[in-house]
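# kindly return the folded structure for what I paste below:
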Amino acid sequence: MKLRETNVAKLAAEEFDVLIVGGGINGAVSAACLSARGIRVALVDRGDFAGMTSQESSNLAWGGIKYLESFELGLVRKLCLARNRLISAYPSTVQPIGFYLTHDKDFRKSRFILWVGTWLYWLMGSGFLRRPRLLSTADMASEEPIVNTSHADGGIEYEDAYLHDNDARFVWNFVRSALDHGAVAANYVDVSGAKKGTDGRWTVTARDVLGGAPFTIRARLILNACGPLVDTLNAELGTTTQHHHVLSKGIHLIVPKLTATRRVLSFFADDGRLFFVIPMGTRTCIGTTDTPSSTPDVGVTPEDRRFVLENINARLKLPKPLTEADIIAERCGVRPLAMVSTPADGKKKAANKDWMQLSRKHAIEVKDGVLSIFGGKLTDCLNVGEEIYREVVKLGVTAKYPTSGWYGEGAPGVRDDFFHQARLMDLDALTAKSSSEPLSTRLWRRYGASAIGLLESIRQDPHQAELVIENAEYLRCEIEEAARREMVTKLDDFLRRRSKIALVVSQEELTQAAGLKAACRILFGDEADAKLAEYFAAS
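Below you'll find the predicted structure:
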């Protein structure tokens, strides 16, 4: 809370090179990239960081294999290379994983054509991952007996990548990196308009959503990284653009773990779209839907649940069909897809007339000191950061450290030192029996170099290694770290975005968890009871 209060005061008192509005993946990587190069950056979001689309993904960092069907070969090549780069830069977080695709006999394309497609995909990724493998129904029955092959003629296994932890946590780490490099960032700050002065600089009208106090932010440039709300902010700024968004709603359901194998089971749903069964630690994530939406404010409907449950029950051989009673949590959000308006009539149109064929390709448009990011996906995030940097420099902002490194898990020597210290402490002996991985691996993935400070906390007080919330893999020292450095303003910020606790622990379990009150006291001090009541009132 103190970190946020300090930064809100700085937003009003200082002047910035770039004000970034929107703390999803596009805004977060832009803030990290620009600030690491010595550019003075402010970052605000009207809610919490990663509070919209960036917390509702499939947790996949894939190269866009489905875009082969629409012959977007350049995009697939770019995304595959971006995926490879993420795996290399964040080996603890972005990891290769097998995709086990079931091919139905009556599917619109033959299994051989899809197999050739996966080889093309592998080649476009420079052979970075394992080669594809053609599967017979006998192979599948032996290796993944949970898959229903009664209507299949076999399948294909190929490799892609996924986020081992959580999409919102991945976004937050870019925000934290920006803070470490001098950026001023604050969540729950709303921007409602701006005026450009005769000197070319912006005076932006802002409001502290929590305190209610209005103030102004001064900046040379504005970066509109509001995801599905990009068009809304541009209208408030009086900025007209050639690009616009069309929105696609996707949902996922979190259910008990369905298979012990570490693979993504892939199918073609009844509507022909890819449908996934994705490992999520001790749980499984299933989905997704793809339906048009006229608004970014969406929710899971009974029809959505029925679609996902019917598809999964038809494609897996389960001891008993999944029902709504098995749902632990839900994810629901919109994907912003970039479309182009023709200058002649202003009507939205796309290169492909079927909106369902629109890719997640991003576009950056610059006009009158406002940069707007349209579309995009997590896989391509490092490219987005660097493209924004180049545009900012073109607009006259000077970088103090133009060649500065700005992403990755840290120098190899730091990582080696952390694991050496962890071994000397026998840290992994403290790993809970229910944990899905060793404690040292988990701490490094979440905190990088900052995890060394957590080791020191545990050395000084072994109680810091205790699990605080039942059935959640978070230690006391981690919650204290969140209270100090992660700008946790509401309980949902921690449970849903800095961690994935709210995704893997049911609301009923959380309600009864005695440790949740202890976590609240660490996070919020005297406000703990109020924050706890606020969370359950909103959920």
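# now do the contacts for Ala465.
The contact partners of Ala465, taken as C-beta atoms under 8 Å, 6 or more residues apart in numbering, are Leu427, Leu430, Leu439, Ile458, Leu475, Arg476, Cys477. The C-beta positions use only the backbone N, C-alpha and C, and glycine is treated the same way.
# rerun that using 6 Å as the cut-off
Listed by C-beta atoms under 6 Å, 6 or more residues apart in numbering, the contact set of Ala465 reads Leu430, Ile458, Leu475.
# repeat that for Ile65.
So Ile65 contacts Tyr121 (C-beta under 6 Å, 6+ apart).
# swap in 10 Å and give it another go.
Contact analysis of Ile65 by C-beta atoms under 10 Å, 6 or more residues apart in numbering lists 76, 79-80, 99, 101, 114, 117-118, 120-122, 124-125, 158, 160, 266, 274.
# I'd like to know which of these are buried.
76, 79-80, 99, 101, 114, 117-118, 121-122, 124-125, 158, 160, 266, 274 (16 or more other C-beta atoms under 10 Å).
# can you map out the helices along the stretch 301-450 of the chain?
302-315, 381-394, 412-425, 439-447 (DSSP state H, counting those that start in this stretch).
# specify the stretch among those that is closest to Ala329.
Among these, the nearest to Ala329 by C-beta to C-beta is helix 302-315 (12.4 Å).
# which helix is the longest one in this structure?
With DSSP state H setting the assignment, residue counts place helix 73-89 as the longest helix in the chain.
# re earlier: show only the entries of the buried ones among the contacts of Ile65 found in strands.
Phe99, Leu101, Tyr158, Asp160, Ser266, Leu274 (DSSP state E).
# which residues touch the first one?
Pointing back at Phe99 there. Contacts of Phe99 were listed using C-beta under 10 Å, 6+ apart, and they are 60, 62, 65, 118, 132, 155-162, 263-266, 274, 276, 278.
# now do Ser70 against Ala338, distance only.
From Ser70 over to Ala338 the distance is 14 Å, taken as C-beta to C-beta, to the nearest Å.
# the two: who's more crowded?
Under the neighbour definition other C-beta atoms under 10 Å, Ser70 and Ala338 were set side by side, and Ala338 has more, 21 against 15.
# phi, psi for the residue lying farthest from the centre of the chain please.
Ranking residues of the chain by C-alpha distance from their mean position (C-alpha atoms, centre = their mean) puts Thr198 at the top, at 38.8 Å. Here the main-chain torsion angles of Thr198 (degrees, to the nearest 10) amount to phi -70, psi -20.
# same question, Thr403
Taking degrees, to the nearest 10, you get phi -100, psi 10 for the backbone angles of Thr403.
# relative to Ala411, how far out is it?
Distance, Thr403 to Ala411, by C-beta to C-beta: 16 Å.
# those two: which has the busier surroundings?
Neighbours were counted for Thr403 and for Ala411 using other C-beta under 10 Å; Ala411 has more, 11 against 6.
# quick one, what contacts the more buried one?
Shown in contact with Ala411 (C-beta under 10 Å, 6+ apart): Gly405, Asp417, Ala449.
# hang on, isn't the last one packed against Arg415?
Spelled out, that is Ala449. Yes - in this structure, Ala449 is within contact of Arg415 by C-beta atoms under 10 Å, at 8.1 Å.
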